[in-house]
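In: After the sequence you'll find the predicted model.
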Amino acid sequence: PTNGWTEAITFNNGNAYVLGMQSHHLYRINPDTDEISDSLLLGIEPYSMDMDQNGKLWVLCTGGYQQLENPRLFKIDPSSLSIEQEIEFNGPSYPSDLAFSSIHSKLFFIDDDGLFGLELSSGQVPTSPILAGSYYSMDIDPVNGDIYLTDAMNYDQDGWLIRSDGQGLVTDSVQVGIIPNEMG
């Protein structure tokens with residue numbers, strides 16, 4: 001059991017890592033016993049996470065839908081469950097769907113204005129999108145680095161699946177069903 005609503009889960013070195021949206025924690029869970037073995041307090045609404053090529057866990061905190069605080073991105077050592085880096089976003093935004101691409105050596109996320117790419121070494125949130133638009137979800141093909149985005153339109157009609165090269169070029173799109181979300 002966790003304290004409230006959980007959002008994302010990933011596995012590393014025999015442990016499950018789960019984000020607690022309401023508790024603002026990252027939980028490390030032993031999947032053999034289903035017990036929390038450790039936790040780390042982060043920012044408001046930890047929503048999305050992914051591992052980079054060095055085995056570091058990156059967690060994106062939205063700051064809350066009502067913008068209770070600026071969104072933040074944390075680089076975490078999963079072994080010690082310690083924060084190695086914290087990057088704060090400037091101004092109002094609501095970032096989501098964090099994903100790492102080893103092809104591009106970047107963290108990608110979607111925000112109010114589109115798709116953004118963060119160089120791991122920069123330590124600064126980019127101010128302009130790689131690909132402008134209003135996207136609902138995102139995933140990255142680990143083999144070729146293509147980025148797939150969904151556009152839910154007005155949530156009342158068929159949406160779109162869009163493929164991008166990660167450099168700002170749309171390479172393909174297809175209309176899909178209402179509120180397209182998960183890809184895999």
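Out: That came through, no problem.
In: Quick one: list the elements packing against the longest strand that the chain contains.
Out: Within the chain, and with DSSP state E defining each element, the longest strand by residue count is strand 170-178. Helices and strands in packing contact with strand 170-178 are listed as strand 158-164; criterion 3 or more CB pairs under 8 Å, 6 or more residues apart in numbering; DSSP states H and E. All C-beta atoms are positioned from the backbone trio N, CA, C, and that covers glycine.
In: Sheet-wise, list the partners of the longest strand of the chain with their directions.
Out: Pairing partners of strand 170-178, with direction, according to DSSP bridges: strand 158-164 (antiparallel).
In: The residue of the chain positioned farthest from its centre and Met183: what is the separation?
Out: Of all residues in the chain, Thr33 has its C-alpha farthest from the mean position, at 27.2 Å, by CA atoms, centre = their mean. Shown here: Thr33 relative to Met183, a distance of 32 Å by CB to CB, to the nearest Å.
In: Same question for Ser48.
Out: 14 Å.
In: Look at these two and report which has more neighbours.
Out: Ser48 (22 against 13; other CB atoms under 10 Å).
In: The residue lying closest to Asp111 once chain neighbours are set aside: how many residues sit nearby?
Out: Taking CB to CB, 6 or more residues apart in numbering, and ignoring the residues beside it in sequence, Asp111 has Pro95 as its nearest neighbour in space, at 4.5 Å. By other CB under 10 Å, the residues close to Pro95 number 21.
In: these two touch, right, Pro95 and Asp113?
Out: No. Look at Pro95 against Asp113 with CB atoms under 8 Å: they stay out of range, at 10.3 Å.
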